[in-house]
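K.L.:
Need coordinates for the following:
(4 chains)
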There are 2 protein chains.
Amino acid sequence: MRPTIRDVAQQAGVSIATVSRALRDSGSVRQDTRARVLEAAEQLQFTPSRLGRQLAERRHAANGIVFPDLSGPYYAEVVLGYEAVASERERSVLILSTHGRAAAPAMVEDLATRCDGMVIMGRTVADEVVERLVARGMPVVLLARPPIGEVDSVNADNRGSAVLLGRHVLERGARRITFVGDPDASPDVAERWAGVREAASDVRGVDLGVLPSDGFGEDAGAAVAREALRHGEDELPDAFVCANDELALGLMAELGGPGTGVPDRVMVTGWDDVMAARYAGLTTVRQPMRALGGTAARLLDELVTGTRTAPRHELLPTELVIRTSTAPTTK
Amino acid sequence: MRPTIRDVAQQAGVSIATVSRALRDSGSVRQDTRARVLEAAEQLQFTPSRLGRQLAERRHAANGIVFPDLSGPYYAEVVLGYEAVASERERSVLILSTHGRAAAPAMVEDLATRCDGMVIMGRTVADEVVERLVARGMPVVLLARPPIGEVDSVNADNRGSAVLLGRHVLERGARRITFVGDPDASPDVAERWAGVREAASDVRGVDLGVLPSDGFGEDAGAAVAREALRHGEDELPDAFVCANDELALGLMAELGGPGTGVPDRVMVTGWDDVMAARYAGLTTVRQPMRALGGTAARLLDELVTGTRTAPRHELLPTELVIRTSTAPTTK
DNA sequence: TTGAAAGCGGTACCAG
DNA sequence: CTGGTACCGCTTTCAA
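P.N.:
All right, here's what the predicted structure looks like:
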């Protein structure tokens, strides 16, 4: 059995109160008493029980983070940024991936009982679930998800970058533009679609449509491409603006390269700037993923420690990365 | 203040013992009593305190996982596989990334006080740290790290795949082979290097060397390539066998493509099969990353629940993925 | 079937 | 400076 504070007290010939004080440098303890306690603790290899301490302090010293999935480079980087800041602040990190499971709300509620505050990402649980948590006093920060009332939020500037991206393809001469990806599937995607629409509205004669994909993987992109090609080349738009890089990469692979495909017959853009995007020459938008996670951790910490009460909504800048998939067409 | 079990007891007009029994379906409680309790709990929106429960049960119902970093697709997938299995088993997941910080041992020790068992990946902390934890009775599973005594371990078959990979480039005609990556930096890499050596030892006239890279990123690969080119083309080996895909991709980008670079002048191979590898046509080795995490979670669960005591060492199969970076040379 | 009470392992207040 | 002790919120044994 692991030694308890009582064992140490006995060994050192003092009370448990003194042991507690000596070990945590709180209150005042005479030098030699402290020394005796420390020695006893050392001898017994005593480590205070986290459980006992947590109960007494009524805090977990842990934060949660809920994300839909960890696949792809995006979420992993965000979680990493979160973990780095949280552990700097002496708080452990509990992760929960919902995978779009129906039980997600229950899982999130459960997680809430194990931490002092949590970050909730994107499309994981409904707003009602978030509101219930907040109502119960749980500090919450939303990440990659539009603000809900007074709840803190951290987002990349999807809208702004989408406008820039839209203008970019318009400048390159695209007039028939198809947005690929389901805006209803994620708040981020909805913002991107809105931004592209905004850019298009500044130019007349633009033919803009949306093509909901079946998911956001490469195969979904490939499927979209095949479907588009099936309708004949004349039906092809000038540019496919995709909701993320995987879609775009799948699409590009199917459409073919320079000369007869991308970018000469049709431009393609993505979002996220994954590593493969560089190798494929994909024009895309880079997000500060680490910073998104880090900022969320910081905001949450302020909430948990009570340093701040007024809600904050952070919008982090993104960067347009122009590559060959939108190179000036030579046709 | 959140309601406690006492509030519910009072509201329902029973003792806290009865509330506990009713809520957790343990012991026997009369139907109508149970109903009263449930109603009271509902009215008060009572959720049992995890802290109280954990202390009483003396368990955390949480598992930890320690990894060096979450960058790159590899660790993220492993963690995801781990989380999926753990949460299936009703155990929360605490993550800790050491980043190679000097404080890593302390962080791991700290994590150990917050969970019932933990998975320790690769090069995060020294064997002594692991042994100390195990000696103290903490269930531990090693992941992507060679077995230590009786401690459970889960690994991909690095050695075996490395042999296959080595034979592959030999078959393709390579005789001067350079292994890129520092075998001392990670047990996985050491195994891969050993496998390549083994393959080479079966053929005579092979000139095999190792070139430690400065890290495992694309820039490290690029640096290696530049250095190699600086020595003149005659000094170039027939094949660069890289410890991972990022290295290989950085290397390839610098060496140039078909005709004058890869694969005609020099072959390149990687490890991991990241998404970009497909687009770059990189021959590589695919690991069952999700399964690595999932298996570790399963083993750990057996240890924590006491279902199994005999140590196990799992070796998961990997798959050689041949692409154009080792295409038969035409020179 | 139910209640009283003894922990679980700490923290922190209050006397001395 | 130190000790005694009342919690923190729940689980579980023991009697009734």
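K.L.:
contacts for the host helix or strand of A:A228?
P.N.:
Using DSSP states H and E, A:A228 sits within helix A:218-230. Residues outside helix A:218-230 that contact it (CB atoms under 8 Å, 6 or more residues apart in numbering or on different chains): A:178, A:180, A:211, A:213-214, A:235-237, A:240, A:242, A:246-255, B:275. From N, CA and C alone the C-beta is placed, and that goes for glycine too.
K.L.:
ok, of those, which come out buried?
P.N.:
Buried members of the contacts of helix A:218-230, counted by 16 or more other CB atoms under 10 Å in any protein chain shown: A:178, A:180, A:213, A:236-237, A:240, A:242, A:246-255, B:275.
K.L.:
Quick check: helices, which of those residues are part of them?
P.N.:
Judged by DSSP state H, the buried ones among the contacts of helix A:218-230 include A:E246, A:L247, A:A248, A:L249, A:G250, A:L251, A:M252, A:A253, A:E254, A:L255, B:M275 as members of helices.
K.L.:
I'd like the distance between the fifth one and A:A223.
P.N.:
Summarising the geometry, the distance separating A:G250 from A:A223, computed by CB to CB, to the nearest Å, is 8 Å.
K.L.:
Measure how buried the spatially closest residue to A:L292 that is not a sequence neighbour is and give me the count.
P.N.:
Nearest non-adjacent residue to A:L292, counting by CB to CB, 6 or more residues apart in numbering or on different chains: A:V78, 5.3 Å away. Applying other CB atoms under 10 Å in any protein chain shown, we find 29 residues neighbouring A:V78.
K.L.:
Packing partners of the helix or strand containing A:V78?
P.N.:
Using DSSP H and E, A:V78 sits in helix A:72-88. For helix A:72-88, the elements it packs on are strand A:62-67, strand A:92-97, strand A:117-121, helix A:289-305, helix B:72-88, strand B:92-97, judged by 3 or more CB pairs under 8 Å, 6 or more residues apart in numbering or on different chains; DSSP states H and E.
K.L.:
Would the fourth one count as contacting DNA strand C?
P.N.:
No: residues of helix A:289-305 contacting DNA strand C under CB under 7 Å from any atom of the strand: none, with a closest distance of 14.7 Å.
K.L.:
Only alpha carbons, please: show that helix as CSV.
P.N.:
Taking Å, rounded to 0.1, in the frame of the first residue of the first chain, the C-alpha atoms of helix A:289-305 are listed here in CSV:
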residue,chain,number,x,y,z
MET,A,289,-3.1,25.8,-35.9
ARG,A,290,-0.7,25.7,-33.0
ALA,A,291,-1.8,29.2,-32.1
LEU,A,292,-5.4,28.4,-32.3
GLY,A,293,-4.9,25.7,-29.7
GLY,A,294,-2.6,27.8,-27.6
THR,A,295,-5.0,30.8,-27.6
ALA,A,296,-7.9,28.6,-26.6
ALA,A,297,-5.8,27.2,-23.7
ARG,A,298,-4.9,30.7,-22.6
LEU,A,299,-8.5,32.0,-22.7
LEU,A,300,-9.7,28.9,-20.8
ASP,A,301,-7.1,29.4,-18.2
GLU,A,302,-8.2,33.0,-17.6
LEU,A,303,-11.7,31.7,-17.1
VAL,A,304,-10.8,28.9,-14.8
THR,A,305,-8.6,31.1,-12.6
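K.L.:
angle of it against strand A:92-97?
P.N.:
Orientation of helix A:289-305 against strand A:92-97 (axes from the mean of the first three to the mean of the last three CA atoms, to 10 degrees) gives an angle of 120 degrees.
K.L.:
For helix A:289-305, what does the pLDDT average out to?
P.N.:
Here helix A:289-305 scores 97 as its mean pLDDT.
K.L.:
Who are the packing partners of whichever helix or strand comes after it?
P.N.:
Remark: after helix A:289-305, the chain's next helix or strand is strand A:313-316, criterion DSSP H and E. Here strand A:313-316 touches strand A:152-156, helix A:289-305, going by 3+ CB pairs under 8 Å, 6+ apart.
K.L.:
now with 6 Å?
P.N.:
Judged by 3 or more CB pairs under 6 Å, 6 or more residues apart in numbering or on different chains; DSSP states H and E, strand A:313-316 is in contact with strand A:152-156.
K.L.:
separation between the closest residue in space to A:V196 that isn't next to it in sequence and chain B?
P.N.:
Closest residue to A:V196 apart from its sequence neighbours, by CB to CB, 6+ apart: A:G166 at 4.3 Å. From A:G166 over to chain B the distance is 25 Å, taken as CB to the nearest CB, to the nearest Å.
K.L.:
What mean pLDDT does whichever strand or helix holds A:G166 get?
P.N.:
A:G166 belongs to helix A:158-171 when assigned by DSSP H and E. Averaged across helix A:158-171, pLDDT comes to 97.
K.L.:
If we look just around chain B, which residues of the stretch 51-200 of chain A are in range?
P.N.:
Proximity of the stretch 51-200 of chain A to chain B, by CB under 6 Å from any CB of the partner chain, involves residues A:51, A:54-55, A:70, A:76, A:80, A:83, A:92-95, A:97, A:113-114.
K.L.:
How about the contacts made by whatever residue of the stretch 151-300 of chain A ends up closest to DNA strand C?
P.N.:
Nearest residue of the stretch 151-300 of chain A to DNA strand C (CB to the nearest atom of the strand) works out as A:L300 at 22.1 Å. Residues in contact with A:L300, defined by CB atoms under 6 Å, 6 or more residues apart in numbering or on different chains, are A:N63, A:G117, A:V119, A:V141.
K.L.:
Apply the buried test to these and list what passes.
P.N.:
Using 16+ other CB under 10 Å as the burial test, those include A:N63, A:G117, A:V119, A:V141 as buried.
K.L.:
Show me which of the residues you listed is closest to DNA strand D.
P.N.:
Relative to DNA strand D, the closest of the buried ones among the contacts of A:L300 is A:G117; by CB to the nearest atom of the strand it sits at 17.5 Å.
K.L.:
What's opposite that closest one in the beta bridge?
P.N.:
Beta bridges link A:G117 to A:N63, judged by DSSP bridges.
K.L.:
In contact with it, which residues?
P.N.:
A:N63, A:P139, A:L300, A:L303, A:V304.
K.L.:
remind me which residues of the stretch 201-331 of chain A are low pLDDT?
P.N.:
A:329-331 (pLDDT under 70).
K.L.:
Which one of the residues in it is closest to DNA strand D?
P.N.:
In the stretch 201-331 of chain A, the residue that lies nearest DNA strand D is A:V304 (17.3 Å; CB to the nearest atom of the strand).
K.L.:
tell me the contacts of the closest residue to A:P68 other than its chain neighbours?
P.N.:
Take A:P68 and drop its neighbours on the chain: the residue closest to it by CB to CB, 6+ apart is A:T124, 5.2 Å away. Contact analysis of A:T124 by CB under 6 Å, 6+ apart lists A:V66, A:P68, A:T98.
K.L.:
between those, which is nearest B:A199?
P.N.:
Closest approach to B:A199 among the contacts of A:T124 (CB to CB): A:P68, at 41.8 Å.
K.L.:
circling back: so who does the residue of the stretch 201-331 of chain A closest to DNA strand D touch?
P.N.:
Here A:V304 is in contact with A:D116, A:G117, A:P139 (CB under 6 Å, 6+ apart).
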